[in-house]
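**Q** Have a look at this prediction, sequence included:
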Amino acid sequence: GTKFDDIFCGIEVHRFDTESGETELIGKIVSSDKNVVLNEPHMIELPDGRLICHIRGENLELFNGGDELIFTVFQSVSDDGGKTWSEPVMLLDKTGGAPPHLIQLSAGELVSVYGRRKKPYGIMAMVSLDGGETWQTDIPICENLATDDLGYPTTVELDDGTLVTVFYAAEGENSPCVVLQQKWK
């Protein structure tokens, strides 16, 4: 059996050349906390070239039989085109929710949406007005969902400024999951 200690638990950043179709490894996002597994990243590039990456983070001890749960969103940034990355920083509490989807709105705000898989179950947002330096978290988009089987939200901005978030969730406790959408401002 493979030990989790032998597996790379970070994010590799590759550059894709659209003309040649080749990819090149240019950087890695790695937590100094070897107990944290980083996965399911979503990245955007700001107008000044800064890259912001939101990442689903979980704890390695849970996979190895531990009992402390970590299921949350981390952030890492790069100011050199993805070659080097800041230490991932936890943006929510240890069970705040994940995975994230990150966008920049036409007025400049950053919005990251994520699924909260603890009661009250729901789809949440965080907003930054300062380019990702600080975040207002746990803004409800759709609350009081039936179960913790939910998430993977994606958000777009419509021409009138309305936001539409699409995600999956169960509509009832014993119902199958369906794809839902929520319009919000």
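**A** Received, thanks. Since we're looking at a predicted model, the values are computed, not measured. Residues are numbered from 1 along each chain as shown.

**Q** Neighbours of residue 31, how many?
**A** Using other Cβ atoms under 10 Å, residue 31 has 20 other residues around it. Any C-beta I mention is one placed from the backbone N, CA and C, and that applies to glycine too.

**Q** Residue 128 against residue 134, yeah?
**A** Yes: with contact defined as Cβ atoms under 8 Å, residue 128 counts as touching residue 134 (6.3 Å).

**Q** the more surrounded of the two?
**A** Applying other Cβ under 10 Å to residue 128 and residue 134 shows that residue 128 carries more neighbours, namely 21 against 12.

**Q** Output the below-cut-off pLDDT ranges for this protein.
**A** 1-8, 60-67 (pLDDT under 70).

**Q** which non-adjacent residue is nearest the most centrally placed residue in the chain?
**A** For the chain, residue 100 is the residue whose C-alpha lies nearest the centre (Cα atoms, centre = their mean; 2.2 Å). Residue nearest to residue 100 in three dimensions, not counting chain neighbours: residue 54, with 3.7 Å by Cβ to Cβ, 6 or more residues apart in numbering.

**Q** Show me the beta-bridge partners of the one you found.
**A** residue 42, residue 75 (DSSP bridges).

**Q** Same check on residue 122?
**A** Per DSSP bridges, the residues bridged to residue 122 are residue 116, residue 143.

**Q** cool, the one 5 residues further on as well?
**A** Each beta-bridge partner of residue 127 is listed here, defined by DSSP bridges: residue 111, residue 136.

**Q** For it, give its distance to residue 75.
**A** Distance, residue 127 to residue 75, by Cβ to Cβ, to the nearest Å: 13 Å.
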